[in-house]
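Student: need a 3D model of the sequence below.
(2 chains)
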Number of protein chains: 2
Amino acid sequence: MSENVLSQQQIARMIDISAVQAPHGEGEIRDLIARASVYGFGSVHVLPAWVTFARELLPRGEILLGAPVGFPSGGHHSKTKRAEAQQLVADGVDELDMMLNVGKLRSGAEAYVLEDIRGVVGAVNVPVKVILETHYLTDEEIRRACELCITAGAQFVKTSTGWAASGATLHNITLITGCVAGRIGVKASGGIRDLDTLVAMYRLGVRRFGINADASVAILRAVEKLPGGVVRM
Amino acid sequence: MSENVLSQQQIARMIDISAVQAPHGEGEIRDLIARASVYGFGSVHVLPAWVTFARELLPRGEILLGAPVGFPSGGHHSKTKRAEAQQLVADGVDELDMMLNVGKLRSGAEAYVLEDIRGVVGAVNVPVKVILETHYLTDEEIRRACELCITAGAQFVKTSTGWAASGATLHNITLITGCVAGRIGVKASGGIRDLDTLVAMYRLGVRRFGINADASVAILRAVEKLPGGVVRM
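Tutor: Numbers count the residues shown, from 1 in each chain, chains lettered A, B, ... in the order given. Here you go, the predicted model:
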């Protein structure tokens, strides 16, 4: 594999598919895990109450199991987030996507936001991504949030929960990748529906994507149709 | 006050106003408490991380302070919901609105849903309302959820979080009030914007309403304009 192409398999490995809306249950989770196994997606994310169920269906291996913390409002008590994170690790997750306390950030309580993230990062031995929910933030708030994530020791900053009215855009991805400048990873999520968007965000430095399972499969099929079945960078 | 009229004050007392969206912070909460004090609303609800802040602004009294548990996905681990409820009571809430595990209900795991509610109800000494998030449920699932709330000892069943695409409707309120038949209270929330809807739901048996603060004020102003400044039942 040459370094200036992206294969279908490499793209699949960067994609996290999830079933983290309120109504999602057994059927959606079985489907998620089946698709991850067939297509080789990087991880599946389920709501906390479903982690033990998903872990039984998906033994530890290449496909990671993730779950959200303080999701999707971010407004849970810091102690609740910390205890939830520990419970999820005990239940078998490989990684956690925690929600930033957006209301505290917008109220200027940066020390609170920092300790909120540190509390989770320090409580577990798995990578923690921090979701900003960019829909509610100004550019300056996004920059500040990125710095707080880095200071707190998070592994990734992630744009969106999928619960707000907008998600990752080329504008906010440019802002975030520019701000973090390789110091931590960037996960783009929310509203990504096609290969062109994924490739544009990859070029900006994104290495993880949270994408709806149907759209993820469509993206892989689009790669198949390219000359040589790869994306040329 | 005659029994066949509803005064502005009586209506205000039935209304809970809230700031429970991700971006809500200090400004929204100060505004909420100011409006509750001026208009005499029944309660204010804030996200868990804001309870201590709100409690300082709102000493214990006629206006109640509430917060949501396992909100708004309902998909948190039962132990997390229980611990969160206990934390909120320690922080000073007068009541809790917990989110049902919709995914478990839709997957037929009724015993799980029952224990999930019982866990919270049994862990605290304040009234617990259970939010169904009717948007995702069939009529039959709503009926089953109501029975589970009653069996588990909840004080109220509530329609919606305000995070889903639809909320309380005359259809689902008729269904719920018919099902619970006075055995527990009914709180209608999500999408209620005018006095006519409130009165129609009151006639069906609803005694608590979760309404956007702006719409709540508009509803009270509509009562003022009626003959005698009251709603005749």
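Student: helices and strands around the helix or strand hosting A:Leu32, which ones?
Tutor: Following DSSP states H and E, the helix or strand that holds A:Leu32 is helix A:26-39. Counting contacts by 3 or more C-beta pairs under 8 Å, 6 or more residues apart in numbering or on different chains; DSSP states H and E, helix A:26-39 packs against strand A:15-19, strand A:43-46, helix A:51-57, helix A:213-224. C-beta coordinates here come from the backbone N, C-alpha and C atoms, glycine included.
Student: please convert those to CSV, extending it with mean neighbour count and mean pLDDT.
Tutor: Conversion of the helices and strands packed on helix A:26-39 to CSV gives the following (neighbours: other C-beta atoms under 10 Å in any protein chain shown; pLDDT from 0 to 100):
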stretch, mean neighbour count, mean pLDDT
strand A:15-19, 25, 98
strand A:43-46, 26, 98
helix A:51-57, 17, 98
helix A:213-224, 17, 97
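Student: for the nearest residue to A:Leu58 once chain neighbours are set aside, give me its contacts.
Tutor: When the adjacent residues along the chain are set aside, A:Leu58 lies closest to A:Ile33, with 5.1 Å between them (C-beta to C-beta, 6 or more residues apart in numbering or on different chains). Under the criterion of C-beta atoms under 8 Å, 6 or more residues apart in numbering or on different chains, the neighbours of A:Ile33 are A:44, A:54, A:57-58, A:63.
Student: need the helices and strands packed on helix A:26-39 in JSON lines with distance to chain B, can you?
Tutor: Putting the helices and strands packed on helix A:26-39 into JSON lines (distance: least, C-beta to the nearest C-beta, whole Å) gives the following:
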{"stretch": "strand A:15-19", "distance to chain B": "8"}
{"stretch": "strand A:43-46", "distance to chain B": "8"}
{"stretch": "helix A:51-57", "distance to chain B": "8"}
{"stretch": "helix A:213-224", "distance to chain B": "16"}
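Student: just put these in a markdown table and tack on distance to B:Ile17.
Tutor: As requested, the helices and strands packed on helix A:26-39 are arranged in a markdown table below (distance: least, C-beta to C-beta, whole Å):
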| stretch | distance to B:Ile17 |
| --- | --- |
| strand A:15-19 | 32 |
| strand A:43-46 | 33 |
| helix A:51-57 | 35 |
| helix A:213-224 | 38 |
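Student: out of these, which is closest to B:Thr159?
Tutor: Between B:Thr159 and those, the tightest spacing by C-beta to C-beta is seen for strand A:15-19, at 23.7 Å.
Student: CA atoms only: put that closest one into CSV for me.
Tutor: Provided in CSV are the C-alpha atoms of strand A:15-19 (Å, rounded to 0.1, in the frame of the first residue of the first chain):
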residue,chain,number,x,y,z
ILE,A,15,-15.0,5.3,11.2
ASP,A,16,-16.9,4.8,14.5
ILE,A,17,-20.5,3.8,14.0
SER,A,18,-23.0,4.3,16.8
ALA,A,19,-26.5,3.6,18.2
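Student: contact partners of it?
Tutor: When contacts are defined by C-beta under 8 Å, 6+ apart, strand A:15-19 is touched by residues A:28-29, A:31-32, A:35-36, A:41-47, A:50, A:66, A:162, A:187, A:189, A:208-213, A:216, A:219.
Student: quick one, which of those are buried?
Tutor: Burial by neighbour count, judged by 16 or more other C-beta atoms under 10 Å in any protein chain shown, picks out A:28-29, A:32, A:35-36, A:41-47, A:50, A:66, A:162, A:187, A:189, A:208-213, A:216, A:219 from the contacts of strand A:15-19.
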